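>>> pasting the sequence and the predicted model now:
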2 protein chains.
Amino acid sequence: MARRVNASPQPSNLDARKATILEAVVVEHIDTAQPVGSSSVAANADLVVSPATVRTEMVVLEREGYLAQPHTSAGRVPTDKGYRYFVDHLEAGVLGPAQQRQIKEFFAHVRGEVEDVLEQTATLLSRLTSYTSVVVGSGHSRATILSVQLVNLDAHHHLLVAVYSDGTVTKNSVLVGFDATPFDVSEASRQLNALLIGTTLESKVQVPSRTDTVAKLVREGVSLLHAEMPTMEGEQVYIGGSSRVAEVFEGVETVRQVLSILEQELLVVSLVEDILEKGVAVAIGSEHGFEPLSSCAVIVAPVSLEGETIGAVGLLGPTRMKYREVMAAAEAVSKHLTTHFGGEPEHA
Amino acid sequence: MARRVNASPQPSNLDARKATILEAVVVEHIDTAQPVGSSSVAANADLVVSPATVRTEMVVLEREGYLAQPHTSAGRVPTDKGYRYFVDHLEAGVLGPAQQRQIKEFFAHVRGEVEDVLEQTATLLSRLTSYTSVVVGSGHSRATILSVQLVNLDAHHHLLVAVYSDGTVTKNSVLVGFDATPFDVSEASRQLNALLIGTTLESKVQVPSRTDTVAKLVREGVSLLHAEMPTMEGEQVYIGGSSRVAEVFEGVETVRQVLSILEQELLVVSLVEDILEKGVAVAIGSEHGFEPLSSCAVIVAPVSLEGETIGAVGLLGPTRMKYREVMAAAEAVSKHLTTHFGGEPEHA
DNA sequence: GTTAGCACTCGATTTTACCGAGTGCTAACG
DNA sequence: CGTTAGCACTCGGTAAAATCGAGTGCTAAC
């Protein structure tokens, strides 16, 4: 769901020629990573003006904040605002046939648990785009519980295993300060099942208020499961091609910072969710609030199931990334993921 | 279990003075990252010789392969062999009090599943040492099965959830081409339990040869579980502080290569296991066979439970890493992990 | 065997010069 | 009036030259 405006919106008032010039600068700078001069812009086929004219226009574009000059006698470089304009006016890109094939091939062959599919998807996306990818799977707050089981490990130590309708499984250690017989455990297990099957983690359940061993176990179990809810737990984050960070960003310090962000899964999740919430598909530079990522652009596409957003795929690169291709890739993969999880029951 | 030889072994014949010089070079180069000259070595307190003498000795050390000269008029730099000698003759380091406290604190407070503990341990190690850490948890080939459960997801789609005595839980999708009633599923679940509880993945079990629905489900389940065995699956890899790679190695290309290795979990596991198998605690430069890691040193310490190696902690840095501190940290953490999993039943 | 003395090497740093891409301005042009 | 050719000017990047100095190897004396 990229915010793509083809008619001109409120403040983005650029006449056709300025727009063309801006676009040319962006395209060339993305390609060469160098400041772009007036003459190479003027060489652009769609433009039949002299460099001098381009220059006067560029002065305006600079004053309006779309372009910047690294130093007096250099060409122009797009600002975040410039990239934003470019992206907003980008007509949908088409994937190369090779990439389309790669995606098709991938989804035709992936097997296994959701987690595995998501992890491999991250790798796919990274290979597809040459950027670092992020795949987020939402928690199962909406999924219903299919089965709960309490397994005895040793005297005071049990394991609570829950299976959800979305195919995920969780486990929690149950550590209690009292002895429980195998019978107690299996009885508690039975009661937990009776109590929880069919509920979601959001539903309220009535726990027994008795004080016997079994009741205590049941209470402990229920509270453990529900305790998991408010935290981000259940969110899964998979990162693909983190080594790309090193080739795509220049400057060790930037690389370090980006890597360091990627290490913090919670941060990544909230970043992706923020962007999705704003209804934007791409956040450029400082648009997302993350200082250390101010030289990055993040492209996000949601993965949904029956209208619900159940996850997202994202790509992270420098602000001068290949938006068209990457957005196309993100969109294609997210669509495939959606049908993959939607078409077949839960997972393949 | 570092290979530490204090008496001189076979080929490492260095008289006391050469040893001191070599050590001084290593120490200083680790500290400064610069080639070390004869005069700064001679300034070393334990050495009462002139730079000229040091120089003649260094010529020998160079001929024997312990030192190298980046170019004619520069100081000396240790070779892998030089580092090896240094490490082999290193007396056990002691951890700083601050670090000891950090470790104590950590293990006093960690809670949660094995997986969580291992993941957090990776972060701890990285913070402790400023290098990238690797924590490997072995698979559960030796653990006995405590419970197996088949849960129905939809018509042809079930989930096989197994709980092992080491507290791990696995799940496998079971996709069958025939209808199974809820009764079939729970009956199959019951039979799987009867069949598998108490066995390990290495044990052989007799599967029913009947052709009814239940028997088919049972066979499918058993084979799925056992299929998991030969692969590395069940091995868990946690990497801590991957952003350290960017600050610890110089040269974007090296950073990229190392990151790219770390992305491939299977590679990391086999690297760590290789090193452990050789009974070595540290692999320097090209000692481990990995070309792309030839500028790295890897320090590994096993985590064991009742004599069995159940995992390992590792640290990865440049060959000029702070061996003494890092080895001490690795050893301390691995010991703590060992008692953490050993002392308390399985996990805390 | 050790060391002071010394000529020599050679990478790193600094200096200087220079080039040229690109600019802004101005004046002419249609 | 918008457009453009012409031109002086800026300034980062690159290359060549000069310089520095840490460190070496060798030799001769202790």
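That came through fine.
>>> where does the prediction get shaky in the stretch 151-300 of chain A?
For the stretch 151-300 of chain A, applying pLDDT under 70 flags the ranges A:229-233.
>>> for chain B, what are the nearby residues on it?
For the stretch 151-300 of chain A, the residues in contact with chain B (CB under 8 Å from any CB of the partner chain) are A:151-155, A:157, A:159, A:161, A:163, A:165, A:167, A:169, A:171-173, A:175, A:241-243, A:245-247, A:250, A:252, A:255-257, A:259-260, A:262-263. For glycine as for every other residue, the C-beta is placed from the backbone atoms N, C-alpha and C.
>>> give me the subset of the residues you listed lying in strands.
Per DSSP state E, strands hold the following members of those: A:151-154, A:157, A:159, A:161, A:163, A:169, A:171-173, A:175.
>>> now render those as CSV, adding neighbour count.
As requested, these are arranged in CSV below (neighbours: other CB atoms under 10 Å in any protein chain shown):
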residue, neighbour count
A:V151, 22
A:N152, 21
A:L153, 21
A:D154, 10
A:H157, 19
A:L159, 23
A:V161, 23
A:V163, 23
A:V169, 20
A:K171, 20
A:N172, 19
A:S173, 19
A:L175, 16
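>>> identify the farthest-apart pair in the residues you listed.
A:D154 and A:V163 (23.2 Å; CB to CB).
>>> A:V25 is in what secondary structure piece?
helix A:16-32 (DSSP states H and E).
>>> whoops, I mixed them up, A:A45
Using DSSP H and E, no helix or strand contains A:A45.
>>> do A:A329 as well
Going by DSSP H and E, A:A329 is in helix A:323-343.
>>> so which elements touch that helix?
helix A:80-88, helix A:97-109, helix A:114-129, strand A:296-305, strand A:308-318 (3 or more CB pairs under 8 Å, 6 or more residues apart in numbering or on different chains; DSSP states H and E).
>>> would you turn those into JSON lines with distance to B:Y131?
Converted to JSON lines, the helices and strands packed on helix A:323-343 look like this (distance: least, CB to CB, whole Å):
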{"stretch": "helix A:80-88", "distance to B:Y131": "35"}
{"stretch": "helix A:97-109", "distance to B:Y131": "35"}
{"stretch": "helix A:114-129", "distance to B:Y131": "25"}
{"stretch": "strand A:296-305", "distance to B:Y131": "26"}
{"stretch": "strand A:308-318", "distance to B:Y131": "25"}
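>>> which of these sits closest to DNA strand C?
helix A:80-88 (14.0 Å; CB to the nearest atom of the strand).
>>> the closest one: which residues count as buried?
For helix A:80-88, burial by neighbour count (16 or more other CB atoms under 10 Å in any protein chain shown) applies to A:80-88.
>>> over to stretch A:163-182?
A:163-175, A:180.
>>> what's the answer for stretch A:188-199, then?
Under 16+ other CB under 10 Å, the buried positions of stretch A:188-199 are A:188-189, A:191-192, A:195-196, A:199.
>>> check stretch A:217-237 too.
A:217-222, A:224-226, A:228, A:234-237.
>>> try stretch A:70-83
A:75-83.
>>> identify the residues contacting the residue in chain A positioned nearest to DNA strand C.
Going by CB to the nearest atom of the strand, DNA strand C is nearest to A:G37 of chain A, at 2.9 Å. Going by CB atoms under 8 Å, 6 or more residues apart in numbering or on different chains, A:G37 touches A:51, A:75-76.
>>> same check, this time on A:T339
A:T339 touches nothing, counting by CB under 8 Å, 6+ apart.
>>> let me have the buried residues of stretch A:188-199 in TSV, extended by secondary structure.
Shown next, in TSV, are the buried residues of stretch A:188-199 (DSSP: H, G, I helix; E, B strand; the rest coil):
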residue	secondary structure
A:A188	helix
A:S189	helix
A:Q191	helix
A:L192	helix
A:L195	helix
A:L196	helix
A:T199	coil
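>>> and of those residues, the nearest to B:G311?
Distances from B:G311 to the buried residues of stretch A:188-199, taken by CB to CB, are shortest for A:S189, at 29.6 Å.
>>> pretty sure that closest one contacts A:V148?
Yes: contact criterion CB atoms under 8 Å: A:S189 and A:V148 qualify, at 7.2 Å.
>>> for the residue in the stretch 151-300 of chain A that DNA strand D sits nearest to, phi and psi?
As assessed by CB to the nearest atom of the strand, DNA strand D sits closest to A:E250 within the stretch 151-300 of chain A, at 12.2 Å. Backbone torsions for A:E250, taken as degrees, to the nearest 10, come to phi -110, psi 150.
>>> A:G289 now?
phi -70, psi 0.
>>> count the residues that sit near it.
11 (other CB atoms under 10 Å in any protein chain shown).
>>> do you know how far it is from A:A328?
27 Å (CB to CB, to the nearest Å).
>>> between the buried residues of helix A:80-88, which is closest to A:P70?
A:G82 (13.8 Å).
>>> skipping its backbone neighbours, what lies nearest the closest one in space?
Closest residue to A:G82 apart from its sequence neighbours, by CB to CB, 6 or more residues apart in numbering or on different chains: A:Y66 at 4.0 Å.
>>> isn't that neighbour right next to A:L22, touching?
Yes: with contact defined as CB under 8 Å, A:Y66 reaches A:L22; the gap is 5.5 Å.
>>> between the two, which contacts overlap?
A:14, A:78, A:82, A:85.
>>> taking these together, which two end up most distant?
A:L14 and A:P78 (13.0 Å).
>>> who touches both of the two?
A:22, A:66.
>>> dump stretch A:152-164 to PDB, restricted to CA.
Below are the C-alpha coordinates for stretch A:152-164, written out as PDB (Å, rounded to 0.1, in the frame of the first residue of the first chain):
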ATOM      1  CA  ASN A 152       6.400 -33.100  34.100                       C
ATOM      2  CA  LEU A 153      10.100 -32.600  34.000                       C
ATOM      3  CA  ASP A 154      11.000 -33.300  37.600                       C
ATOM      4  CA  ALA A 155       9.800 -32.700  41.100                       C
ATOM      5  CA  HIS A 156       9.000 -29.000  41.000                       C
ATOM      6  CA  HIS A 157       9.500 -28.400  37.400                       C
ATOM      7  CA  HIS A 158       7.000 -28.700  34.600                       C
ATOM      8  CA  LEU A 159       6.600 -27.500  31.100                       C
ATOM      9  CA  LEU A 160       3.500 -25.900  29.700                       C
ATOM     10  CA  VAL A 161       3.100 -26.500  26.000                       C
ATOM     11  CA  ALA A 162       0.400 -24.800  24.100                       C
ATOM     12  CA  VAL A 163      -0.600 -25.200  20.500                       C
ATOM     13  CA  TYR A 164      -2.400 -22.500  18.600                       C
END
